[in-house]
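Q: Here is a sequence together with a model predicted from it:
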Amino acid sequence: MQMTIRFVYSFKGVQMTFESEPVDRDIVLKTADDLLKTGRAKEISVVDEIGNEWTLKEFKKLNQKMDEEPEKITVLFDGSFDVESGQAGVGAAIYYTKSGKRYRIRENAPMDELETNNEAEYAALSFAVNILKEIGVSSQPVTISGDSLTVLNQLSGEWPCYEEAHARWLVRIEEKFSEMKIKPLYKPIDRRHNKEADQLARQAIDGVDIHSHTEIGT
């Protein structure tokens, strides 16, 4: 997660408030310590991407806790629907960082009682959000990527949602985001770049069960 540093600069009786550009969390304390060494920076506070603000003392305690929580999260989702059989499958690939290490989750599942491919796409994102909850994601921005413009644009508010089935999924997903204090960043991608989630969804229809959680580097 990126943070903004705010501080009051005091010089010869004049005080001015400054705010940094968003910076990576891991350099916030180093930057704050350097500012304090000048003797002119006071009232330093730290603001996250969601708008939460802490004093420097509060952030030092929080920073240790955040090292043990998932961050820098990207979700790839896709749903597949077979019109002839009526079978549906959902797939999700989730990438995140925790304690300085990078991880990937790949999961899929068959779905019943879905009627369209768009509904399968919504179900896939809901499935992915449930995984985020399982791994303890909270109070974080999350990049949500898929090739379904219907789902992403309806959730972002760019497109209206008239279909009752879509609206039910939309409300369900937004309620989960609100509960987990997630700030979704919707990023549509081309189908060619969503092959991982697409394959997972198709494998679910074929009865191939995928559940993997692996470390992939730093």
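A: Received the coordinates, thanks. Residues are numbered from 1 along each chain as shown.
Q: Report the contact partners of residue 45.
A: Residue 45 makes contact with 5, 6, 7, 53, 54, 55, 56, 59, according to C-beta atoms under 8 Å, 6 or more residues apart in numbering. C-betas here are computed from N, CA, C, even on glycine.
Q: which among the residues you listed end up buried?
A: Neighbour counting by 16 or more other C-beta atoms under 10 Å classes 5, 7, 54, 56, 59 among the contacts of residue 45 as buried.
Q: ok, these vs residue 175, which is closest?
A: residue 54 (26.8 Å; C-beta to C-beta).
Q: ok, now how distant is the closest one from residue 28?
A: Applying C-beta to C-beta, to the nearest Å, the value for residue 54 to residue 28 is 10 Å.
Q: residues shared between the contacts of those two?
A: Common neighbours of residue 54 and residue 28 (C-beta under 8 Å, 6+ apart) are residue 46.
Q: Wait, residue 156 touches residue 188, no?
A: No: using C-beta atoms under 8 Å, residue 156 is not in contact with residue 188, being 9.4 Å away.
Q: Now for the two: what residues contact both?
A: Overlap of the contact sets of residue 156 and residue 188 (by C-beta under 8 Å, 6+ apart) is empty.
Q: These two: which is more packed in?
A: residue 188 (16 against 13; other C-beta atoms under 10 Å).
Q: If we ignore the residues flanking it in sequence, what's nearest that one?
A: Once flanking residues are discounted, residue 188 sits nearest to residue 152: 5.1 Å by C-beta to C-beta, 6 or more residues apart in numbering.
Q: Show me where this protein has its helices.
A: Counting by DSSP state H, the chain has helices at residues 28-37, 56-66, 117-134, 149-156, 164-180, 195-205.
Q: Take these and write them to TSV, including mean pLDDT and distance to residue 212.
A: What follows is these, written out as TSV (pLDDT from 0 to 100; distance: least, C-beta to C-beta, whole Å):
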stretch	mean pLDDT	distance to residue 212
helix 28-37	95	33
helix 56-66	92	25
helix 117-134	98	12
helix 149-156	98	24
helix 164-180	97	23
helix 195-205	98	10
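Q: which stretch among those comes nearest residue 78?
A: Shortest distance between residue 78 and those, using C-beta to C-beta, is found for helix 195-205: 3.7 Å.
Q: ok, and what's touching the closest one?
A: Residues outside helix 195-205 that contact it (C-beta under 8 Å, 6+ apart): 76-80, 82, 87-93, 106-111, 120, 124, 146-147, 191, 210.
Q: Could you export it as CSV, CA atoms only?
A: Provided in CSV are the C-alpha atoms of helix 195-205 (Å, rounded to 0.1, in the frame of the first residue of the first chain):
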residue,chain,number,x,y,z
LYS,A,195,-6.0,-16.7,-19.7
GLU,A,196,-5.1,-17.9,-16.2
ALA,A,197,-8.5,-17.2,-14.7
ASP,A,198,-10.3,-18.3,-17.8
GLN,A,199,-8.5,-21.7,-17.7
LEU,A,200,-9.4,-22.2,-14.1
ALA,A,201,-13.1,-21.5,-14.8
ARG,A,202,-13.2,-23.9,-17.7
GLN,A,203,-11.4,-26.6,-15.7
ALA,A,204,-14.1,-26.2,-13.0
ILE,A,205,-16.8,-27.1,-15.6
